[in-house]
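> below: sequence and its predicted model.
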Amino acid sequence: MTKKILMIGLVLISLNSCKDRELEDLKLENESLKNELFTRNQAVYTWTVIECKIGAYTIDNGYGKKGFFKGTDDVLYWSEIEMFNNFNEDIKYQLQDQLEKKCRNRYGMELHSIQKKETFAFNSYAEASQFKDSVTNGNKNK
């Protein structure tokens, strides 16, 4: 009889300790989800830049040749700083594709190639603006 009472007591204690662990795990998971939601809803400031090559494209230079006359130049083409609350990889690639379309429309036949597309993300507008200024300072392209 004493053994049964002792066994029942041990089972109840172990069940209680399992419930405490489950409760603690749920609290940790809840805190993690709160942090993720807070981070996801924070504003992110983005700036996208494309590095491309442009040149004067000639269809017929009198010798039956076509191509870029006198080579190409490296040019930076960039966006305005934009704010997003739910910034992710899809938005990043959409920004890059939209800017590439604008770049192709602006340069047309002069566009030789797209060398690189980058989107930078910042926690504040000031950070984004300072970075943009450091990259574009002295660069007269757009």
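Structure's in. What do you need? As the structure is a computational prediction, the values presented were derived from the model and not from experiment. Residues are numbered from 1 along each chain as shown.

> C-alpha from now on. contacts and neighbour counts both.
OK.

> pLDDT weak spots in this structure?
1, 3-20, 23, 30, 33-41, 57-69, 138-142 (pLDDT under 70).

> spell out the residue ranges of the helices in this structure.
Counting by DSSP state H, one finds helices in the chain at the ranges 2-41, 89-107, 125-136.

> in the second one, what's buried?
By neighbour count on 16 or more other C-alpha atoms under 10 Å, the buried set for helix 89-107 is 92, 95-96, 99-100, 103-104.

> and for the last one?
Burial within helix 125-136, assessed by neighbour count using 16+ other C-alpha under 10 Å, is assigned to 125, 128-129, 132, 136.

> could you dump those into a markdown table with distance to residue 83 added?
Conversion of those to a markdown table gives the following (distance: C-alpha to C-alpha, whole Å):
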| residue | distance to residue 83 |
| --- | --- |
| 125 | 8 |
| 128 | 10 |
| 129 | 12 |
| 132 | 14 |
| 136 | 20 |
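
> which pair of those spans the longest distance?
Distance extremes for the buried residues of helix 125-136: the farthest pair is 125 and 136 at 16.1 Å, using C-alpha to C-alpha.

> any idea what residue 50 is bridged to?
With DSSP bridges applied, the residues forming beta bridges to residue 50 are residue 77, residue 117.

> let me fix that, I meant to ask about residue 113.
The partner list for residue 113 in beta bridges (DSSP bridges) reads residue 53.

> that one: how many residues sit nearby?
14 (other C-alpha atoms under 10 Å).
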